[in-house]
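> build me a model from this:
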Amino acid sequence: MESRGISVSDVLHVLAFGEQIEQYPDDTPFSSALMLARVRERPLHVVAARDAPNDVTYVVTAYEPDSNEWDPEFKRRRAP
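Model prediction:
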């Protein structure tokens, strides 16, 4: 995250206020989801997995989506 200029507070903002745009129910050991939010006008994606019984969220990755790979709203992947 540091090399991408993404802070812990940025990730927390995405997790708290972001929109879930994809689900990965088959991920293990916990299902995960892709979240999107804008932080200071910058779109950010965060993939996180939730261990609900233990009340723990694991951040898998966080990145700024590439406009060549995502639609203008960064909600849908572009066709290859």
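> for the rest of this, base every contact and every neighbour count on C-alpha atoms.
OK.
> give me the contacts around stretch 10-23.
The contact list for stretch 10-23 (Cα atoms under 8 Å, 6 or more residues apart in numbering) reads 31-39, 44-46, 62, 75-76.
> let's see that with 10 Å instead.
Applying Cα atoms under 10 Å, 6 or more residues apart in numbering, the contact partners of stretch 10-23 are 1, 7-9, 31-40, 43-49, 57, 59, 61-63, 74-76.
> same check, this time on stretch 45-56
Counting by Cα under 10 Å, 6+ apart, 10-12, 14-15, 18-25, 27-38, 57-65, 74-75 sit against stretch 45-56.
> the biggest strand by length in the chain pairs with which strands, parallel or anti?
Assignment by DSSP state E gives strand 42-51 as the longest strand of the chain. Counting by DSSP bridges, the strands paired with strand 42-51 are strand 32-39 (antiparallel), strand 56-63 (antiparallel).
> most packed of those?
Among those, the stretch with the highest mean neighbour count (mean count of other Cα atoms under 10 Å) is strand 32-39, at a mean of 21.
> what about it, average pLDDT?
Strand 32-39 shows a mean pLDDT of 98.
> and the spatially most central residue of the chain, how far is that from residue 10?
In the chain, the centroid-proximal residue (Cα atoms, centre = their mean) is residue 46; its distance is 1.7 Å. For residue 46, the distance to residue 10 equals 10 Å [Cα to Cα, to the nearest Å].
> also residue 53?
Taking Cα to Cα, one finds residue 53 at 25 Å from residue 10.
> between these two, who's got more neighbours?
More crowded of residue 53 and residue 10, by other Cα atoms under 10 Å: residue 10, with 19 against 6.
> and the more buried one, backbone torsions?
Torsion angles at residue 10 (phi, psi; degrees, to the nearest 10) stand at phi -60, psi -50.
> and the pLDDT at it?
Looking at residue 10, its pLDDT is 98.
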